[in-house]
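Trainee: sequence and predicted structure, then a few things I'm wondering about:
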Amino acid sequence: MLPLLPLAALDKVDPWILTFSLITVAVTIWMGFRSAKTSKTASDFFVAGRSVSVGWNASAISGEYLSAASFMGVAGMVMSSGYDALWYPVCYACGYLFLLLFIAGPLRRFGAYTIPDFAEGRFDSPLFRKIAVCFVLFIGFFYTMPQMKGAGVTLAYIFPGMPYWAGVVLVGAVITFNVALGGMKGITLVQAVQYWIKMFAISVPIFVLMSVVGFYNGQIGANVAVGETAAPSAEVQRKPLVEKAPKDSVWVAPFGPLTTKAVNAAAAALPPEQRAAYLAEHQKPYSLLYTYSLIIALVCGTAGLPHILVRFYTNPDGVAAKRTTMWVMILIGVFYVFPPVFGAIGRNLMPELYAGVGAKGTDKVVLELPTLLGANAGVLGSILSGITCAGAFAAFMSTFSGLLVSMTGALAHDVYGRILRPKSNPQERMVAFKVAAVLVGAVAIGLGCFVEPLEINFMVGQAFAIAAASYFPLLFMSVWWRGMTMKGAAIGMLTGGLCALVAAALTNFSTLALDKGPMGKLFAGFAPLNGFWAQHPLLRILCEQPAIWTVPLAITLMVIISKATSSDIPADVRMKMLVLHAPEKLGLKQEYIQEHQAGAGH
Amino acid sequence: MSSPTPAHDDVVHSESFLRSLMRRQLGLSIACAATFLIALLGMPLLNYFAPALMATRVAGFTLSWLILGVLFFPFVWIISFVFIKRSIAMEDAEVVRAETARKEAR
């Protein structure tokens, strides 16, 4: 990869950072190649032969889940928005609980390769499979964008002067290549290892840093809250905040800059004498609404992310699926304590990041922070910075490859194998998997080039909002309510998902229109929308965080339409429900398959 | 398509077995979810209605930050641990119940 880069950029490259990053990339590619030799059958490619142990699978799920948003975005967002951003790590971790409580066990017992398989199996409807496939791709692409931004930001940091898009293209190409070769089995191994790389990369530098510059509680305590005359902990040597940084009192307390942005923008549009009264009346209630909507999106969205769900099928049985979820929750819970620490230290000691935008803003605080040690610790700062860079690589590489596998699986297994050419042989399907991987990778790279001005974590939140309004209602209702019909499920899922998609796209377009770079020109047509948002802050909040109305909307539609079309309830719904809920030891699954084959002939 | 009424008439395939199965599972899930949701959804309410309490300093952290940023994770682990233990025990009990019923039917 070196000859591709302009030599001028190499002068400023830190050798330690470069070495650690290259090692991570090399290990990833090597493991991909190695496992390419062992994954021979189609089943190996799609669900790793369903024989992954609990420990491996939990590490792999965690590795896949801890994306660029978790690794870089959470820290950046805590730094820029303070307390309110804590909801992200907490709900990313807690969403798993919902998955465990309501969905993981039944889904695993039902046994199917993908969510589209479940959709078809539960409602005996090939049409529904096609609809579900489209949504796998939709949510997947939305979720790849922030990963691509993470790649662009990291490479631009490692190689100063390298354009953002070049990083996106380079990393995207490497991972696409890797997935096309190894498929899911390779990915399981790679992702399990990458979880531990990420865990190491986020925890070790932060402990070293904290021992030098002051611990987590001291860093938070250095911020003066409302009603306090002085900061509780004085030992932290803070640097003066720049003008763009939020004030201490709003940063450390709830209902800060993130959730009050829309109301503040609306107040700024009012005459100065009305502002105070307007803020006093609307700021906190709207902020509370925003918080709840965000919580719903993140908690329900976790249960609906396609690349996470597909992993439950790689467990040998339902008990193992539950144990896996327990371990995943511990693994990611421990991890999520750390990124906010980076944000808090970054605020106190690296406030100059507040002035930057895009790839130069707070999103890179995780990468940049260890260099604080540089002056007094010499090479140690560079080594630690190299470690966090390696972690960032692991983060966006593993999540992107997981997404690529599930989206490629949807294309190859569902679109090609079931819709386009149902009679294709396994050999042809393997080729289709590789072609689909390249196709999906190329589209994801293209999309990734557009999103530099958007915050990583914010984009992920939106992907969650879409998943929360489509897959979560579908899975939750079909597992627990036997009155669901295909029409009810499809209409509820589509309406909820599309409403969330449109709402999220509108907010993104209006934000992109404000960008000063080329993106601003491209989306200039959406600039008037910002004036509208200022007039109607409530609508802006409901568009930015749509889950609070789209999730109930989807569920309500599902209930109403299922009731109206209750004659379409699958005839063997009792058997289906038994398979979903009865312990696997009773052997109902085999019975169900035999009956189905005898009855329907497929 | 298989026939609308399953050909099996043993306990496992009966309506009452499925009903009790689903009711128990859902009951357990909802009990765990409620514990979790009260805490999760209660946090913003506490922040809203008791800002002074939540801003109390605990070793430098505000109470609100300490709960959300640190203590919430172990809390969720406890809930999931309890859930997993109980649900596995429940499955085992159901297997025993179904097998004995099958034997009796014979």
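Mentor: Arrived safely. Because the structure is predicted, anything quoted here is derived from the model rather than measured.
Trainee: contact partners for whichever residue of chain B sits closest to chain A?
Mentor: Across chain B, no residue is closer to chain A than residue B:60, which sits at 3.0 Å (CB to the nearest CB). Where you see a C-beta, it was placed from the backbone N, CA and C, and this is true even at glycine. By CB atoms under 8 Å, 6 or more residues apart in numbering or on different chains, residue B:60 lies in contact with A:216-221, A:232-233.
Trainee: residue A:383 now?
Mentor: Shown in contact with residue A:383 (CB under 8 Å, 6+ apart): A:16, A:20.
Trainee: what's the distance between it and residue A:167?
Mentor: 22 Å (CB to CB, to the nearest Å).
Trainee: what does residue A:487 give?
Mentor: From residue A:487 to residue A:167 the distance is 45 Å (CB to CB).
Trainee: of the two, who's got more company?
Mentor: Using other CB atoms under 10 Å in any protein chain shown as the criterion, residue A:487 and residue A:167 rank with residue A:167 on top: 25 against 18.
Trainee: okay, and the more buried one sits in which element?
Mentor: Residue A:167 belongs to helix A:164-213 when assigned by DSSP states H and E.
Trainee: that helix close to chain B?
Mentor: No. Using CB under 8 Å from any CB of the partner chain, helix A:164-213 never reaches chain B; the gap is at least 12.3 Å.
Trainee: average pLDDT for that helix, rounded please.
Mentor: Averaged over helix A:164-213, pLDDT sits at 80.
Trainee: buried stuff in stretch B:52-67?
Mentor: B:54-55, B:57, B:60-67 (16 or more other CB atoms under 10 Å in any protein chain shown).
Trainee: and it, how far out from the chain middle?
Mentor: 29 Å (CA atoms, centre = their mean, to the nearest Å).
Trainee: pLDDT of it, averaged?
Mentor: Stretch B:52-67 comes out at a mean pLDDT of 82.
Trainee: and that stretch, end to end?
Mentor: End-to-end span of stretch B:52-67 (CA to CA, to the nearest Å): 15 Å.
Trainee: now stretch A:386-401: buried residues?
Mentor: Going by neighbour count (16+ other CB under 10 Å), the buried part of stretch A:386-401 is A:386-401.
Trainee: widest-spaced pair of these?
Mentor: A:386 and A:401 (22.0 Å; CB to CB).
Trainee: contacts only, for residue A:266.
Mentor: A:278, A:282, A:533-537.
Trainee: can you turn the buried part of those residues into a ChimeraX selection?
Mentor: Buried members of the contacts of residue A:266, defined by 16+ other CB under 10 Å, are picked up in ChimeraX with:
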select /A:278,282,533,534,537
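Trainee: and which of the contacts of residue A:266 is nearest chain B?
Mentor: Out of these, the member with the shortest distance to chain B (by CB to the nearest CB) is residue A:282, at 13.7 Å.
Trainee: was I right about the closest one contacting residue A:262?
Mentor: No. Using CB atoms under 8 Å, residue A:282 is not in contact with residue A:262; the gap is 9.5 Å.
Trainee: give me the common contacts of the two.
Mentor: residue A:537.
Trainee: give me the element the residue most central in space within chain B is part of.
Mentor: Centroid-nearest residue in chain B: residue B:29, 2.5 Å away (criterion: CA atoms, centre = their mean). When elements are assigned from DSSP H and E, residue B:29 belongs to helix B:15-49.
Trainee: what packs against that helix?
Mentor: helix A:87-98, helix A:272-304, helix A:573-581, helix B:51-54, helix B:63-66, helix B:72-105 (3 or more CB pairs under 8 Å, 6 or more residues apart in numbering or on different chains; DSSP states H and E).
Trainee: distance of residue A:439 relative to chain B?
Mentor: Counting by CB to the nearest CB, to the nearest Å, the separation of residue A:439 from chain B is 36 Å.
Trainee: now that residue, nearest residue through space, not along the chain?
Mentor: residue A:411 (7.1 Å; CB to CB, 6 or more residues apart in numbering or on different chains).
Trainee: show the contacting residues for the one you found.
Mentor: Applying CB under 8 Å, 6+ apart, the residues contacting residue A:411 are A:133, A:137, A:432, A:436, A:439-440.
Trainee: for those residues, which one is nearest residue A:178?
Mentor: Nearest member of the contacts of residue A:411 to residue A:178, counting by CB to CB, is residue A:440, at 13.1 Å.
Trainee: gap between that closest one and residue B:90?
Mentor: For residue A:440, the distance to residue B:90 - CB to CB - is 41 Å.
Trainee: between those two, which is the more surrounded one?
Mentor: Counted by other CB under 10 Å, residue A:440 and residue B:90 do not tie: residue A:440 has more neighbours, with 27 against 16.
Trainee: doesn't residue A:405 make contact with the more buried one?
Mentor: No. Look at residue A:440 against residue A:405 with CB under 8 Å: they stay out of range, at 9.6 Å.
Trainee: per-residue confidence for residue A:296?
Mentor: 91.
Trainee: show me what contacts the closest residue in space to it that isn't next to it in sequence?
Mentor: Among residues not flanking residue A:296 along the chain, residue A:547 sits closest, at 4.2 Å (CB to CB, 6+ apart). For residue A:547, the contacting residues are A:293-294, A:296-297, A:300-301, A:464-465, A:468-469, A:500, by CB under 8 Å, 6+ apart.
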